[in-house]
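[1] Please find the sequence and the predicted model below.
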Amino acid sequence: MAITHQADPANRARLRWRSRRGLLENDLILTRFLDAHEATLTDEEVDAYTRLMDLPDSELMSLLLARSEPEGEVDVPHVHALLKRLRAA
């Protein structure tokens, strides 16, 4: 049985660590979002967040600022839903 994000403190710490980005703007947006919502993220939202963390900083910034929309492997419904939440934060 897989351990959920919320049940595993190491997974939670890893998610926060991956949120530290090279672009300060990304770092600020992601940190503020996690400060407000990390404790309530579902495993599906964590998967979406992880997919976003795999992107280069410039691509992530374009998505966060709604300059572009997800493409390829990140073009899935739960990533779109999380981006909507991130953009509103």
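    The structure has been received and is ready for your questions.
[2] Flag the shaky bits of the protein, pLDDT-wise.
    1-8 (pLDDT under 70).
[3] how about the helices in it?
    In the chain, the helices defined using DSSP state H lie at 9-18, 24-37, 43-53, 57-64, 77-88.
[4] Next, name the residue at the spatial heart of the chain.
    What sits nearest the mean C-alpha location of the chain, by Cα atoms, centre = their mean, is Tyr49, with 2.8 Å.
[5] show me what contacts that residue?
    By Cβ atoms under 8 Å, 6 or more residues apart in numbering, the contact list for Tyr49 reads 15, 41, 82. Where C-beta positions appear, they are placed from N, C-alpha and C, glycine not excepted.
[6] Make a markdown table out of those and add distance to Leu64 and neighbour count.
    What follows is the contacts of Tyr49, written out as a markdown table (distance: Cβ to Cβ, whole Å; neighbours: other Cβ atoms under 10 Å):
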| residue | distance to Leu64 | neighbour count |
| --- | --- | --- |
| Leu15 | 16 | 18 |
| Leu41 | 17 | 20 |
| Leu82 | 11 | 24 |
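[7] of all the residues you listed, which comes closest to Thr31?
    Leu15 (11.5 Å; Cβ to Cβ).
[8] Would you agree the closest one is in contact with Glu45?
    No - between Leu15 and Glu45 there is no contact under Cβ atoms under 8 Å: 10.3 Å.
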